[in-house]
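Colleague: A structural model of the following input is requested.
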Amino acid sequence: MLQLPSCLRLPRQTTITNGLDAMVSAGFDPSALRTSTLCRSPINKGVRRSSDCFIGRIGRMLKRIWKFICKLLLASVAVGLLVFFLPRLITTIYSWTRIYSLDTAPTEGVAIVFGAGLTRDGYPTAILRDRVDTAAQLYFAGKVQKLLMSGDNSYVNYNEPGAMRDYAI
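Modeller: Okay, here's the model as predicted:
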(Lines give C-alpha, C1' and ligand atoms only; values in the text may rest on other atoms or scores of the structure.)
Protein backbone atom coordinates (compact mmCIF):
# COMPACT_ATOMS: atom_id res chain seq x y z
CA MET A 1 0.00 0.00 0.00
CA LEU A 2 1.23 3.49 -0.85
CA GLN A 3 2.11 5.51 2.23
CA LEU A 4 1.68 9.26 1.91
CA PRO A 5 3.73 11.69 4.01
CA SER A 6 1.89 12.78 7.13
CA CYS A 7 1.49 16.34 5.78
CA LEU A 8 -0.44 14.98 2.76
CA ARG A 9 -2.73 12.51 4.56
CA LEU A 10 -6.35 13.09 3.71
CA PRO A 11 -9.17 13.52 6.21
CA ARG A 12 -11.61 10.57 6.32
CA GLN A 13 -14.54 12.43 4.74
CA THR A 14 -12.45 13.62 1.78
CA THR A 15 -13.22 11.81 -1.45
CA ILE A 16 -10.54 10.55 -3.77
CA THR A 17 -11.08 13.34 -6.28
CA ASN A 18 -10.89 16.03 -3.62
CA GLY A 19 -7.92 14.27 -2.09
CA LEU A 20 -6.03 14.33 -5.40
CA ASP A 21 -6.85 18.00 -5.78
CA ALA A 22 -5.57 18.63 -2.29
CA MET A 23 -2.39 16.70 -3.02
CA VAL A 24 -1.78 18.65 -6.23
CA SER A 25 -2.37 21.95 -4.46
CA ALA A 26 0.12 20.88 -1.80
CA GLY A 27 2.76 20.36 -4.49
CA PHE A 28 2.55 16.57 -4.82
CA ASP A 29 3.25 15.24 -8.32
CA PRO A 30 0.27 13.03 -9.43
CA SER A 31 2.45 11.22 -11.96
CA ALA A 32 4.12 9.60 -8.97
CA LEU A 33 0.90 7.64 -8.45
CA ARG A 34 1.19 5.76 -11.74
CA THR A 35 1.11 2.03 -11.47
CA SER A 36 4.71 1.89 -12.58
CA THR A 37 5.87 3.24 -9.23
CA LEU A 38 3.81 0.55 -7.53
CA CYS A 39 5.30 -2.08 -9.77
CA ARG A 40 8.98 -1.58 -9.04
CA SER A 41 10.80 -4.79 -8.43
CA PRO A 42 12.84 -4.94 -5.22
CA ILE A 43 15.29 -7.16 -7.07
CA ASN A 44 15.85 -4.91 -10.07
CA LYS A 45 15.89 -1.62 -8.10
CA GLY A 46 13.57 0.62 -10.02
CA VAL A 47 13.43 -1.18 -13.33
CA ARG A 48 9.77 -1.33 -14.35
CA ARG A 49 8.39 -4.54 -15.69
CA SER A 50 4.72 -5.42 -15.83
CA SER A 51 5.58 -8.95 -14.74
CA ASP A 52 6.90 -7.58 -11.43
CA CYS A 53 3.63 -5.83 -10.74
CA PHE A 54 1.04 -7.37 -8.42
CA ILE A 55 -1.46 -7.29 -11.26
CA GLY A 56 1.08 -9.02 -13.47
CA ARG A 57 1.53 -11.76 -10.87
CA ILE A 58 -2.23 -12.26 -10.65
CA GLY A 59 -2.40 -12.42 -14.45
CA ARG A 60 0.32 -15.07 -14.54
CA MET A 61 -1.42 -17.02 -11.81
CA LEU A 62 -4.76 -16.88 -13.65
CA LYS A 63 -3.01 -17.96 -16.84
CA ARG A 64 -1.49 -20.97 -15.04
CA ILE A 65 -4.89 -21.85 -13.54
CA TRP A 66 -6.52 -21.59 -16.99
CA LYS A 67 -3.82 -23.83 -18.51
CA PHE A 68 -4.31 -26.35 -15.71
CA ILE A 69 -8.09 -26.36 -16.24
CA CYS A 70 -7.63 -26.83 -20.00
CA LYS A 71 -5.18 -29.70 -19.46
CA LEU A 72 -7.52 -31.29 -16.91
CA LEU A 73 -10.46 -30.99 -19.30
CA LEU A 74 -8.42 -32.45 -22.16
CA ALA A 75 -7.28 -35.35 -19.97
CA SER A 76 -10.88 -35.98 -18.87
CA VAL A 77 -12.07 -36.09 -22.47
CA ALA A 78 -9.22 -38.42 -23.41
CA VAL A 79 -9.98 -40.78 -20.51
CA GLY A 80 -13.71 -40.67 -21.34
CA LEU A 81 -13.06 -41.55 -24.97
CA LEU A 82 -10.67 -44.30 -23.92
CA VAL A 83 -13.23 -45.78 -21.52
CA PHE A 84 -15.91 -45.64 -24.21
CA PHE A 85 -13.94 -46.88 -27.21
CA LEU A 86 -11.42 -49.31 -25.71
CA PRO A 87 -13.95 -52.06 -24.88
CA ARG A 88 -15.50 -51.70 -28.34
CA LEU A 89 -12.08 -51.91 -29.95
CA ILE A 90 -11.14 -55.01 -27.94
CA THR A 91 -14.46 -56.68 -28.78
CA THR A 92 -14.11 -55.87 -32.47
CA ILE A 93 -10.56 -57.19 -32.65
CA TYR A 94 -11.44 -60.34 -30.71
CA SER A 95 -14.55 -61.15 -32.76
CA TRP A 96 -13.14 -60.16 -36.18
CA THR A 97 -12.10 -63.73 -37.01
CA ARG A 98 -15.24 -65.26 -35.47
CA ILE A 99 -17.90 -63.66 -37.69
CA TYR A 100 -18.98 -65.77 -40.63
CA SER A 101 -21.30 -65.42 -43.57
CA LEU A 102 -23.78 -68.17 -44.37
CA ASP A 103 -21.43 -69.64 -46.99
CA THR A 104 -18.28 -69.62 -44.84
CA ALA A 105 -19.89 -70.79 -41.57
CA PRO A 106 -18.43 -74.07 -40.31
CA THR A 107 -20.69 -77.09 -39.97
CA GLU A 108 -21.63 -77.74 -36.34
CA GLY A 109 -24.03 -79.99 -34.49
CA VAL A 110 -25.91 -77.32 -32.49
CA ALA A 111 -26.47 -73.57 -32.76
CA ILE A 112 -27.52 -71.69 -29.63
CA VAL A 113 -29.97 -68.83 -30.13
CA PHE A 114 -30.07 -66.48 -27.15
CA GLY A 115 -33.28 -64.69 -26.25
CA ALA A 116 -33.61 -60.93 -26.67
CA GLY A 117 -37.04 -60.12 -25.30
CA LEU A 118 -40.63 -60.19 -26.42
CA THR A 119 -43.07 -57.40 -27.15
CA ARG A 120 -46.11 -56.90 -24.94
CA ASP A 121 -48.11 -58.99 -27.39
CA GLY A 122 -45.72 -61.93 -26.93
CA TYR A 123 -44.00 -61.64 -30.30
CA PRO A 124 -40.19 -61.59 -30.68
CA THR A 125 -38.49 -58.19 -30.81
CA ALA A 126 -36.64 -57.12 -33.97
CA ILE A 127 -33.30 -58.30 -32.58
CA LEU A 128 -34.73 -61.66 -31.59
CA ARG A 129 -36.39 -62.08 -35.00
CA ASP A 130 -33.03 -61.43 -36.66
CA ARG A 131 -31.34 -64.04 -34.47
CA VAL A 132 -34.03 -66.63 -35.18
CA ASP A 133 -33.94 -65.85 -38.92
CA THR A 134 -30.16 -66.35 -39.00
CA ALA A 135 -30.42 -69.59 -37.03
CA ALA A 136 -33.15 -70.88 -39.38
CA GLN A 137 -31.00 -70.01 -42.42
CA LEU A 138 -28.10 -71.97 -40.91
CA TYR A 139 -30.42 -74.92 -40.23
CA PHE A 140 -31.92 -74.98 -43.73
CA ALA A 141 -28.45 -74.56 -45.32
CA GLY A 142 -27.30 -77.71 -43.46
CA LYS A 143 -24.69 -75.84 -41.39
CA VAL A 144 -26.26 -76.93 -38.08
CA GLN A 145 -28.28 -80.00 -37.23
CA LYS A 146 -30.17 -78.68 -34.20
CA LEU A 147 -31.20 -75.27 -32.82
CA LEU A 148 -31.10 -74.71 -29.08
CA MET A 149 -33.30 -71.73 -28.23
CA SER A 150 -32.64 -70.14 -24.88
CA GLY A 151 -34.66 -67.45 -23.15
CA ASP A 152 -36.79 -66.36 -20.22
CA ASN A 153 -39.79 -68.44 -19.23
CA SER A 154 -40.34 -67.24 -15.68
CA TYR A 155 -44.03 -66.36 -16.15
CA VAL A 156 -46.92 -68.20 -17.76
CA ASN A 157 -47.53 -65.32 -20.21
CA TYR A 158 -43.83 -64.80 -21.00
CA ASN A 159 -42.19 -67.65 -22.91
CA GLU A 160 -39.26 -66.59 -25.09
CA PRO A 161 -38.24 -70.08 -26.28
CA GLY A 162 -41.84 -70.84 -27.29
CA ALA A 163 -42.18 -67.56 -29.19
CA MET A 164 -38.84 -68.21 -30.88
CA ARG A 165 -39.93 -71.72 -31.94
CA ASP A 166 -43.25 -70.40 -33.26
CA TYR A 167 -41.48 -67.69 -35.24
CA ALA A 168 -38.91 -70.11 -36.67
CA ILE A 169 -41.59 -72.56 -37.87
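Colleague: following element in sequence after the helix or strand of the chain with the lowest mean pLDDT, please.
Modeller: Across the helices and strands of the chain, mean confidence by mean pLDDT, DSSP states H and E is lowest for helix 35-38: a mean of 44. Using DSSP states H and E, the next helix or strand after helix 35-38 towards the C-terminus is helix 54-95.
Colleague: what helices and strands are in contact with that following helix?
Modeller: With contacts defined as 3 or more Cβ pairs under 8 Å, 6 or more residues apart in numbering; DSSP states H and E, helix 54-95 has no helix or strand neighbours. For the C-beta atoms, the positions are set from N, CA and C on the backbone; glycine is no exception.
Colleague: buried stuff in stretch 88-108?
Modeller: Across stretch 88-108, burial judged by 16 or more other Cβ atoms under 10 Å covers Ala105.
Colleague: list of residues touching it?
Modeller: For stretch 88-108, the external contacting residues (Cβ atoms under 8 Å, 6 or more residues apart in numbering) are Gln137, Leu138, Ala141, Gly142, Lys143, Val144, Gln145.
Colleague: which among those residues count as buried?
Modeller: Leu138, Lys143, Val144.
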